[in-house]
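[1] Provided below are the primary sequence and the corresponding predicted coordinates.
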Amino acid sequence: MSYSKPHNIAIIGAGLAGLTLSLALHARAIPSTIYELRNPEIHTEGALMLGPNALSILNSLGIYERIKDHGYLFSKLIYKDDQNNFLDEYYLGDEKLFGFNALRVYREVLLRELRSAAKERGIDVQYNRKFAKVVSEDENGVVFEFADGTRETASMLIGADGIHSKVRQYTHPAIKPIYSGFLAVTSAVETAKLRFPEPDYPLVSSIHGQHGAFVFAAQNPEASEMLVGTQKKFPEQDRAGWDRLRSDQEELKNMFQANKAHWPDLVQSAMENMMEDRMSIWPYYVVPHLDTWSSPQLRVVILGDAAHAIPPNAGQGASQAFEDVFSLALLLSKIGGEVKMDAALEFWQEYRVERVQKVLALTMKLNQKSLPAAERAKLGDAEVVFKDIAGGPEQQRWLYEPKIEKHVIEWVKEQVEKK
């Protein structure tokens, strides 16, 4: 298919993926405009974990230095049982091994710096623009419409609008996210109010007992505040039902404090001292496997959670979205001559799907660790329950050092040499 290098790209969604995509495109002299439904002044709650694969991408875009002093840097998640015995460890990063420690940082901090960088680089971000539909696409570009009836055109439209993507309704109208049956219920607590069983207790840890797992994770530079939370089975709700649950502080508190007497004193101290106004839920949804991430005319593409939502157990949701946008921007910059758009998008999707599937498999194994003891006992070694799931830090190199540029450049070279 004849397709020149895109000269103006529309991005739907000014979240982490959309903003990072605009910066990656800008770094390769490809202009873009971002359209976002919400007002930027709306505060985004919670923190996220960024691994070395995400941080290396953010570093290449000049963002890492802007956020590293605003979060908690660490290397390992430590697993313990309810008697404080060591069970396992999982490397989420390591500066000596992978170039970066893991960073847990407030989502709002990262969004703020991404927005600031986009503004500094002259990227047009238009807020309060509710994407409605794609009107048409052909070899000349794509026409799309907003809820107020206004229309825009672009050479390409990219949906970075999350798991409930409106853009995906165009590329895959029959596909809907699937609820896993689990949700996370979390809050925050002052670290000083926790009753640690020993000095120098790991500040990123997961305690496993009869009723599942309870997670602790520092989320500011001085580690004075921690995320505390657990995973629960819960029936699926519609949007109104989820909203009701989020606003039902008493119900959330009951869920959070369930089986309190069966947990060790550290967990009980978290239950007693958690901040009720910081309680939240995260229902785990996944997107079914998609045969393609683009429309037949190749003018509309989806990525990030719109294409592959990943549960949070491996801390790779945002990281995989960053890999999506970095690899796509790099490939788009190579379009022209012997490098065709249809072949490039086919390579990109195959490359990304292979990695995402591998990350999802790892995530599911990590998820098994969070099950109640009775359910964990039913699992065999194939499910990898406290059996050195990561295979040691060296076996995580595939995850934290994806070598995106190497793979893309090798593929481009193959295309040129074919001719």
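    Arrived safely. This is a predicted model, so every value here is computed, not measured.
[2] which SS state does the residue nearest to residue 19 when sequence neighbours are not counted fall under?
    Counting by C-beta to C-beta, 6 or more residues apart in numbering, residue 19 lies nearest to residue 114, which is 3.9 Å off, once chain neighbours are set aside. Where C-beta positions appear, they are placed from N, C-alpha and C, glycine not excepted. Per DSSP: H, G, I helix; E, B strand; the rest coil, the local secondary structure of residue 114 is helix.
[3] go ahead and confirm residue 114 touches residue 63.
    Yes. In this structure residue 114 lies within contact range of residue 63 using C-beta atoms under 8 Å: 6.6 Å.
[4] buried residues in stretch 139-147?
    141-144, 146 (16 or more other C-beta atoms under 10 Å).
[5] hang on, I meant stretch 103-120
    Buried, per 16+ other C-beta under 10 Å, within stretch 103-120: 103-107, 109-115, 117-118.
[6] most widely separated two among the residues you listed?
    104 and 118 (23.4 Å; C-beta to C-beta).
[7] give me the pLDDT value at residue 360.
    Here, the pLDDT recorded for residue 360 equals 88.
[8] so it is in which element?
    Here residue 360 sits within helix 341-368, counting by DSSP states H and E.
[9] kindly report the same for residue 43.
    Using DSSP H and E, no helix or strand contains residue 43.
[10] quick one, what contacts residue 127?
    Applying C-beta atoms under 8 Å, 6 or more residues apart in numbering, we find residue 127 in contact with 14, 36, 38-40.
[11] most neighbours among those residues, please name it.
    residue 14 (26 neighbours; other C-beta atoms under 10 Å).
[12] okay, now the domains of this protein?
    Using automatic domain parsing, the domain parsing of the chain gives 9-45+107-177+287-418, 179-285.
[13] let's have the ones you listed in a markdown table, adding distance to residue 78.
    Formatted as a markdown table, the domains of the chain follow (distance: least, C-beta to C-beta, whole Å):
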| stretch | distance to residue 78 |
| --- | --- |
| domain 9-45+107-177+287-418 | 12 |
| domain 179-285 | 4 |
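[14] okay, those, which one's buried deepest?
    domain 9-45+107-177+287-418 (a mean of 18; mean count of other C-beta atoms under 10 Å).
[15] and the end-to-end length of it?
    The straight-line separation of the ends of domain 9-45+107-177+287-418 (C-alpha to C-alpha, to the nearest Å) is 29 Å.
[16] and what of stretch 216-234?
    21 Å.
[17] again with stretch 133-149
    Per C-alpha to C-alpha, the first residue of stretch 133-149 is 10 Å away from its last.
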